[in-house]
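Asks: With the sequence up front, the predicted model follows.
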Amino acid sequence: TELSQLISRYLEDKPSNIDGNRIYDCVRSCYNDLERGFCDNPQHYYLDMRMLLATCLASTWFSNNQRASVQSWYNAHFGNGPCSICG
(Lines give C-alpha, C1' and ligand atoms only; values in the text may rest on other atoms or scores of the structure.)
Protein backbone atom coordinates (compact mmCIF):
# COMPACT_ATOMS: atom_id res chain seq x y z
CA THR A 1 0.00 0.00 0.00
CA GLU A 2 2.93 2.37 0.50
CA LEU A 3 3.72 2.21 -3.20
CA SER A 4 0.09 2.99 -4.05
CA GLN A 5 0.20 5.94 -1.67
CA LEU A 6 3.39 7.29 -3.22
CA ILE A 7 1.99 7.10 -6.75
CA SER A 8 -1.39 8.54 -5.77
CA ARG A 9 0.25 11.44 -3.92
CA TYR A 10 1.83 12.58 -7.19
CA LEU A 11 -0.64 10.94 -9.57
CA GLU A 12 -0.15 13.22 -12.56
CA ASP A 13 3.12 14.91 -11.64
CA LYS A 14 5.85 12.39 -10.78
CA PRO A 15 8.73 14.06 -8.93
CA SER A 16 11.88 14.18 -11.04
CA ASN A 17 13.91 12.42 -8.33
CA ILE A 18 11.75 9.28 -8.64
CA ASP A 19 12.68 6.83 -11.39
CA GLY A 20 9.49 5.59 -13.05
CA ASN A 21 11.30 2.54 -14.42
CA ARG A 22 12.34 1.45 -10.93
CA ILE A 23 8.79 1.95 -9.70
CA TYR A 24 7.53 -0.15 -12.62
CA ASP A 25 10.02 -2.89 -11.72
CA CYS A 26 8.70 -2.86 -8.15
CA VAL A 27 5.11 -3.09 -9.36
CA ARG A 28 6.05 -5.98 -11.67
CA SER A 29 7.74 -7.78 -8.78
CA CYS A 30 4.64 -7.34 -6.62
CA TYR A 31 2.47 -8.62 -9.45
CA ASN A 32 4.72 -11.67 -9.89
CA ASP A 33 4.22 -12.48 -6.21
CA LEU A 34 0.46 -12.28 -6.73
CA GLU A 35 0.68 -14.43 -9.85
CA ARG A 36 2.68 -17.11 -8.05
CA GLY A 37 0.27 -17.10 -5.11
CA PHE A 38 2.93 -17.41 -2.43
CA CYS A 39 1.47 -18.67 0.83
CA ASP A 40 3.33 -15.98 2.77
CA ASN A 41 1.66 -13.09 0.91
CA PRO A 42 -0.21 -10.84 3.36
CA GLN A 43 -3.88 -11.64 3.97
CA HIS A 44 -5.21 -8.77 1.85
CA TYR A 45 -2.53 -8.90 -0.84
CA TYR A 46 -5.10 -9.44 -3.61
CA LEU A 47 -6.93 -6.23 -2.66
CA ASP A 48 -3.68 -4.32 -2.19
CA MET A 49 -2.59 -5.35 -5.69
CA ARG A 50 -5.93 -4.30 -7.16
CA MET A 51 -5.45 -0.88 -5.59
CA LEU A 52 -1.82 -0.66 -6.75
CA LEU A 53 -2.55 -1.62 -10.36
CA ALA A 54 -5.57 0.69 -10.55
CA THR A 55 -3.47 3.53 -9.14
CA CYS A 56 -0.76 2.84 -11.72
CA LEU A 57 -3.35 2.94 -14.50
CA ALA A 58 -4.71 6.25 -13.23
CA SER A 59 -1.24 7.78 -13.10
CA THR A 60 0.94 9.32 -15.79
CA TRP A 61 4.12 7.71 -14.49
CA PHE A 62 4.61 4.94 -17.06
CA SER A 63 5.44 4.52 -20.73
CA ASN A 64 2.81 3.20 -23.14
CA ASN A 65 4.39 -0.27 -23.08
CA GLN A 66 4.55 -0.32 -19.30
CA ARG A 67 0.97 0.88 -19.08
CA ALA A 68 -0.15 -1.89 -21.46
CA SER A 69 1.54 -4.46 -19.23
CA VAL A 70 -0.12 -3.06 -16.11
CA GLN A 71 -3.48 -3.11 -17.91
CA SER A 72 -3.01 -6.77 -18.90
CA TRP A 73 -2.08 -7.68 -15.31
CA TYR A 74 -5.16 -5.88 -14.03
CA ASN A 75 -7.35 -7.65 -16.58
CA ALA A 76 -5.87 -11.06 -15.75
CA HIS A 77 -6.90 -10.87 -12.10
CA PHE A 78 -9.67 -8.33 -11.83
CA GLY A 79 -11.64 -8.63 -15.06
CA ASN A 80 -11.46 -7.39 -18.61
CA GLY A 81 -13.70 -4.39 -18.04
CA PRO A 82 -12.34 -0.91 -17.59
CA CYS A 83 -10.62 -0.10 -14.35
CA SER A 84 -13.18 1.18 -11.84
CA ILE A 85 -10.93 4.15 -11.04
CA CYS A 86 -9.48 5.27 -14.35
CA GLY A 87 -11.95 3.96 -16.90
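Replies: Now that the structure is in, tell me what you want to look at. Just so it is clear, the structure is predicted and the values come from calculations on it, not from any experiment.

Asks: Please count neighbours and contacts with C-alpha atoms only from this point.
Replies: Will do.

Asks: center of the chain - which residue?
Replies: Leu53 (2.7 Å; C-alpha atoms, centre = their mean).

Asks: Quick one: residues contacting that one.
Replies: Val27, Val70, Gln71, Trp73, Tyr74 (C-alpha atoms under 8 Å, 6 or more residues apart in numbering).

Asks: How about Glu12?
Replies: By C-alpha under 8 Å, 6+ apart, the neighbours of Glu12 are Ser59, Thr60, Trp61.

Asks: what about 7 Å?
Replies: Ser59, Thr60 (C-alpha atoms under 7 Å, 6 or more residues apart in numbering).

Asks: Distance check, it against Ser59.
Replies: 6 Å (C-alpha to C-alpha, to the nearest Å).

Asks: If you count neighbours, what's buried in the helix or strand Gln71 falls within?
Replies: Gln71 is located in helix 64-78, with elements delineated by DSSP states H and E. Counting neighbours by 16 or more other C-alpha atoms under 10 Å, one finds that the buried residues in helix 64-78 are Gln66, Arg67, Val70, Gln71, Trp73, Tyr74, Phe78.

Asks: Specify the local secondary structure of Cys39.
Replies: coil (DSSP: H, G, I helix; E, B strand; the rest coil).

Asks: Over to Ile23?
Replies: helix.
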